[in-house]
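Visitor: need the 3D shape of this:
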Amino acid sequence: DYVIRMGVSDPIEDLAFGMEYTQGVIFKNVTEALTAGKVQVEVYPSFQLGPMMQQIEAVQAGDQHMMTGTGGMPQFYPPWQAFSIPFLFKNDHVAVEVMSHSDIAREMYEDFRQQTGMRILGMSQNGFRHFTNNQRPIRTPADLEGLRFRVMAGPVYQRVVEALGASAIPIDWSELYTALQTGVVDGQENAVSAVKMGSFDEVQKYITLNGHLWAENFIIINDDFYNSLPEQYQQVLKLAGFMAEITGTASEIMASYHDGVQYALNRGMEIYAPTSDELNQFRDKAQEPVVRWLRSQIGDYWVDGFLQAAADAEAKYGY
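Guide: Alright, predicted model coming up:
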């Protein structure tokens, strides 16, 4: 029999709105059911196994079997930053098509496995990232000037926010509420669901639905450990990863568009949805300089591949 330790960044939440926690629970339940309990999965939410970067290092080293999280991966595998081309995806439909079904994404996951010793078992969406702040409504990039925003660890996230005219300060999620409360930063950028999860309504007033970046929720496993399992259990883990992926994406959609928006409005936050012209101002300011920088960091292949895959997905679905 086998026991798998899986780290989850998110706290325990109602299952429907749990995102990473939902992924962990579904992965556990599918795995245990389809192995008749021969493979047990222990889920550790709320950073119980350490901060996210530490957990990724532990999975790579084989000291921890698995984890699910978002951000942080560019330090371990720089091409990952191609996902973070600003305004790469027009909407969630295009994003999921590219990340879960495109040839370029599959090729990257295999290269990632070979380069890092970690295997992707699932990739669901953490959602589009939007700005919140406690100073003023943000309608155009000009409104960002002079504001300080928390970003995830990784230079590309800083570049995007700085290209739009604001200051970017990397801060771990576990320290974000305090940073907002004490004024270390004026705002943060995340999916709307993060407002409820982090109780940011207590320290933030304004939300702008500008969607400058799309964020992933990866499910990773140490590849040597995966390969040490009997073939039939490997197949179960692969299927459990897929089930967790589609459930995670569905739960994020509910968490942001159903639960998150209502939660924020009910607690007095102001939500602004930019017009097409205003969104174009954000895109025009951020995309070109960040793409140019990304090409210098990871080369043209991955950048062009994801730009093309996004264009193909838009054409395929008629957006």
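Visitor: isn't Ile85 right next to Gln287, touching?
Guide: Yes - between Ile85 and Gln287 a contact is recorded at 6.8 Å, counting by Cβ atoms under 8 Å. Placement of C-beta: from N, CA and C, glycine included.
Visitor: who has more neighbours, the two?
Guide: Legend: neighbour count by other Cβ atoms under 10 Å for Ile85 and Gln287, higher for Ile85 (22 against 18).
Visitor: ok, now which ones touch the more buried one?
Guide: The contact partners of Ile85, by Cβ atoms under 8 Å, 6 or more residues apart in numbering, come to Gln287, Val290, Val291, Leu294, Val303, Phe306, Leu307.
Visitor: helix or strand for the fourth one, which one?
Guide: This points to Leu294. Counting by DSSP states H and E, the element that carries Leu294 is helix 276-298.
Visitor: and the next helix or strand past that helix?
Guide: Following helix 276-298 in sequence order, the next helix or strand is helix 300-317 (DSSP H and E).
Visitor: mind listing the helices for this structure?
Guide: 20-34, 52-61, 92-101, 103-116, 155-163, 176-181, 193-198, 223-228, 231-253, 261-266, 276-298, 300-317 (DSSP state H).
Visitor: which parts of the first one are buried?
Guide: Just to be clear, that refers to helix 20-34. Neighbour counts over helix 20-34 (16 or more other Cβ atoms under 10 Å) mark 20-28, 30-32, 34 as buried.
Visitor: cool, the third one as well?
Guide: Neighbour-count burial for helix 92-101, with 16+ other Cβ under 10 Å as criterion, is recorded at Asp92, Val94, Ala95, Val96, Glu97, Val98, Met99, Ser100.
Visitor: which elements pack onto that helix?
Guide: With contacts taken as 3 or more Cβ pairs under 8 Å, 6 or more residues apart in numbering; DSSP states H and E, helix 92-101 sits against helix 103-116, strand 118-133, helix 231-253, helix 300-317.
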